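Trainee: Let's see this in three dimensions:
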Amino acid sequence: MTQHVHFIGIAGIGMSATALLMRMQGCEVTGSDEGFYPPASELLPRHGIKVRTPHDPSNIPANTDLIVIGKHAKLTMENAEVAAAYASGKPITSYPDVLAGIARARKSLVVVGSYGKSTSASLIAWALSVAGRDPGYFVGAVPKNLGVNAGLGSASEFVIEGDEYPSSNTDPRAKFLHYDARTVLLTAAVHDHVNIFPTQADYEEPFLELIEKLPVDGLLVVCKDEPHAMKVASHAACKTVTYALQDRAADYHLTDITYGEVSRFTLVARGKVLGRFETTLLGAHNLQNMAGAAALLLEKALVSVEDLQKSFASFLGVVRRMDRLTQASTIPVYEGFGSSREKARAAIDAIELHFPGRRLHIVFEPHTFSWRNRATIHWYDDVFRGTDHLFMSAPPDHGAGTHDQVSYDEIAERLAGTDCKVVRLGHDQGANIEAIVATLVPGDVVLLLTSGDLGGMIVKLVAEMETRFV
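Mentor: Down below sits the predicted model:
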């Protein structure tokens, strides 16, 4: 008999990916959420998964065998559908537990870190695919080459992007602690999610637990460029392999880097030149991700150097990570995933590296809790250095009562002490778009930084750019 699984909070990227994996296993899958948005709104219906909005007890089918409740679905007193799930007597679990069950019989390659993990996990899965291995994978974004954020695959390898965030409202453990990891790629451990982890030490705690649990015959691949990651890695009892962008003391590093429309570099492993590589991805951070992916894949002897060269050259990246949104416009518009200071800065550095000397205009939304928490307001002191104009929308108010949220005025006041010209955006999207395009001249570059959708303004701004600047 076909198992029926119902997901409450299915629009989340991890929940939707797990729902897809269950569907691929032959389960009947339904789900609900307060609202639906890409990529879940596009991927789930394509795979025959019925979704309903908003949350309501009637969303739970009578024949449900298992209920998966997401972290953002809220508690029973705030969500009647969650309350109905507990009252139903049906088994209830979290998506990390479901994912752990799916991957248990496989050889999991777990990618963790405060940044770079979506791209690194996607790249590893793509390289295995190019090598003909058909891996399973679970990524917290949509890899462009693979077209969907999860796949069962048929090979023994299962690539997992591991998240340090709590598993559910009833399970405070980090999600990546469920996966019984034996092979881990650690990109960084820079303080993030301040609403959950108030201090750097708090943030490092789940990473330490993960690393200390790695078996002696396991493998840890860690970025030598990031001191917090190296501090955590020092607690590993297993083999540890380091990688870096250019640090020759790392086991794997890059040399002879040239940046351009196609960037090229030489990969070196323990002093031995492995070959010349190329990529169309922008930014030094993406080359650093490639060094990490190469270190893991080659240390595990999962691909050849030749397959790695082919996969890097053909890898298109991850949706919303330095996507060029315009084609006809003579002023390019890129979208970066600006969910933290490090991610925003990496995107800005990439634009400056590939478009030297050009004026940079940033459209920014302080969407995550970290961007709008008083403990990290110092992020604004230097994150936008090198920016000509900063167009900033108001911080959203969802969850504002759950943490120490700063106001629009406080953020603007903090930015007043920096060199960039700050323009505060209002509720009139037409006026906002006009304010942005009015500042632009030929040779400029526009970068959108948000983990949200700028209130739906992105599509409209791009359309205006495509007609105004041709």
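Trainee: Remind me what the helix or strand of the chain with the lowest mean pLDDT packs against, helices and strands.
Mentor: Ranking every helix and strand in the chain by mean pLDDT, DSSP states H and E puts helix 40-46 at the bottom, with a mean of 87. The helices and strands touching helix 40-46, judged by 3 or more C-beta pairs under 8 Å, 6 or more residues apart in numbering; DSSP states H and E, are helix 13-24, strand 50-52. Backbone N, C-alpha and C define where each C-beta goes, glycine included.
Trainee: Buried residues of that helix, list them for me.
Mentor: Residues of helix 40-46 classed as buried: 40, 41, 43, 44 (neighbour count, 16 or more other C-beta atoms under 10 Å).
Trainee: now stretch 97-116
Mentor: Here stretch 97-116 shows 97-100, 102-103, 106-116 as buried, counting by 16+ other C-beta under 10 Å.
Trainee: mind showing which ranges of the stretch 301-450 of the chain have poor pLDDT?
Mentor: Along the stretch 301-450 of the chain, no part satisfies pLDDT under 70.
Trainee: on that earlier part again, ok, residues contacting the least confident helix or strand of the chain?
Mentor: 10-13, 15-16, 19-20, 31, 33, 51, 142, 148-149 (C-beta atoms under 8 Å, 6 or more residues apart in numbering).
Trainee: CA atoms only: put that helix into CSV for me.
Mentor: This file holds the C-alpha atoms of helix 40-46, laid out as CSV (Å, rounded to 0.1, in the frame of the first residue of the first chain):
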residue,chain,number,x,y,z
ALA,A,40,8.5,25.3,-4.0
SER,A,41,5.5,26.8,-6.0
GLU,A,42,7.1,25.6,-9.2
LEU,A,43,8.7,22.3,-8.2
LEU,A,44,6.0,20.7,-6.1
PRO,A,45,3.1,20.8,-8.6
ARG,A,46,5.5,19.6,-11.4
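Trainee: quick revisit: can you add distance to residue 83 and give the buried residues of helix 40-46 back as CSV?
Mentor: Listed next are the buried residues of helix 40-46 as CSV, based on distance: C-beta to C-beta, whole Å:
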residue, distance to residue 83
40, 23
41, 26
43, 28
44, 24
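Trainee: Looking at the residues you listed, which is nearest residue 383?
Mentor: residue 40 (29.1 Å; C-beta to C-beta).
Trainee: Shouldn't residue 67 be within a strand?
Mentor: Yes. Under DSSP: H, G, I helix; E, B strand; the rest coil, residue 67 falls within a strand.
Trainee: What helix or strand is the spatially most central residue of the chain located in?
Mentor: For the chain, residue 118 is the residue whose C-alpha lies nearest the centre (C-alpha atoms, centre = their mean; 4.6 Å). Taking DSSP states H and E as the criterion, residue 118 maps to helix 117-130.
Trainee: ok, the contacts of helix 40-46 vs residue 279, which is closest?
Mentor: residue 142 (18.6 Å).
Trainee: Show the pLDDT at that closest one.
Mentor: The score at residue 142 is 91. That number is its pLDDT.
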